[in-house]
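Colleague: please find the sequence and the predicted model below.
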Amino acid sequence: MEEWYNDLLRKGEKVVSERYTPQERRGIEIGGRALEIGALLVGGSIDASEEVEGRDPFDREEQRREAQEWALERWAKENGCWYENTDRDLSAKFPFLAEGGEAEVYFDGCRVVKAIGLDYFVSPQMALDRIVLYNFLFEYSTPMVVIGYGRSGEGYFKVIVEQPYIRGEQMTEAEIEEFTQQIGFDLRRRGNWTYTNDDIYISDLHNENVLRTPMGNVAVIDADVRLNLEELGYGGRR
């Protein structure tokens, strides 16, 4: 176990260093130890392109996802942050609030807890990308701290995060566009509220996900954040 763990951490350190800029890695620190270790473990997991050479890209991605899930599950069980059944275990600790396409949401009066699935992200690594980059961009409003990993009652892998609860008023789309331009992003697709710069892609920045607090600050409470990879087609350089 110890040899396996240390080997993944060594491989993962190189992948993480290449995957994120030094500035973006601040988002890992903000996200807590479970995010820090998680990013290293998924980065050091099996390279599916070597394991299933000659098979189609879907098979390679499926094996990569399974290897990443296995590494995270094994570590989380050893370190007391695994939720065997997130539906049951989280409901026992936090009042249920809502369910969206991405996550089940719980709220205890002070903080929001989300069980984030992989439907939007394909692999744990992409889900963790979202959290790292989200924290890098929105550290001062609603950072996400990873508190564990688990599976739903149906067996779907989940990343469990907590965020501070924010009270505020919805902003208009024009106000959101102005704010996003101020932090260095250009509107690229109005239909799904997509903004990009050379490095990062953000979507889902609609008025239910961006609030203005009573102090006048802008708080992004949810967004789909990714590395702006060339294959996304938005002029990314990652």
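Modeller: Good, I have the coordinates. Numbering: from 1, shown residues only.
Colleague: packing partners for whichever helix in the chain runs longest?
Modeller: Longest helix in the chain, counting residues (DSSP state H): helix 57-78. When contacts are defined as 3 or more CB pairs under 8 Å, 6 or more residues apart in numbering; DSSP states H and E, helix 57-78 sits against helix 33-44, helix 48-51, helix 124-138, strand 145-151, strand 157-164. To be clear about C-beta, it is placed using only N, CA and C from the backbone, and glycine gets the same treatment.
Colleague: now the last one - C-alpha only, CSV.
Modeller: This file holds the C-alpha atoms of strand 157-164, laid out as CSV (Å, rounded to 0.1, in the frame of the first residue of the first chain):
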residue,chain,number,x,y,z
PHE,A,157,-18.6,8.4,-8.2
LYS,A,158,-18.9,11.7,-6.3
VAL,A,159,-16.6,14.5,-5.2
ILE,A,160,-17.8,16.0,-1.9
VAL,A,161,-17.2,19.7,-1.4
GLU,A,162,-18.3,22.4,1.0
GLN,A,163,-18.7,26.2,0.3
PRO,A,164,-19.8,29.1,2.5
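Colleague: downstream of that strand, the next helix or strand is which one?
Modeller: strand 169-170 (DSSP states H and E).
Colleague: quick check: mean pLDDT across that next one?
Modeller: Per-region confidence: strand 169-170 scores 96 on mean pLDDT.
Colleague: what's downstream of that strand, the next helix or strand?
Modeller: Counting by DSSP H and E, the element after strand 169-170 in chain order, helix or strand, is helix 173-182.
Colleague: quick one, that following helix and helix 124-138 angle?
Modeller: Using axes from the mean of the first three to the mean of the last three CA atoms, to 10 degrees, the inter-axis angle of helix 173-182 relative to helix 124-138 is 90 degrees.
Colleague: mind listing what's buried along the longest helix of the chain?
Modeller: Neighbour-count burial for helix 57-78 flags 60, 62-69, 71-76 (criterion: 16 or more other CB atoms under 10 Å).
Colleague: do stretch 193-209 as well
Modeller: Neighbour-count burial for stretch 193-209 [16+ other CB under 10 Å]: 193-197, 199-205, 209.
Colleague: with stretch 92-112 instead?
Modeller: Quick answer for stretch 92-112 (16+ other CB under 10 Å): 94, 102-106, 112.
Colleague: between these, which sits nearest F138?
Modeller: V112 (14.0 Å; CB to CB).
Colleague: next, the angle helix 124-138 makes with whichever strand or helix holds the closest one.
Modeller: Using DSSP H and E, V112 maps to strand 111-116. Here strand 111-116 runs at an angle of 150 degrees relative to helix 124-138 (the same axes, to 10 degrees).
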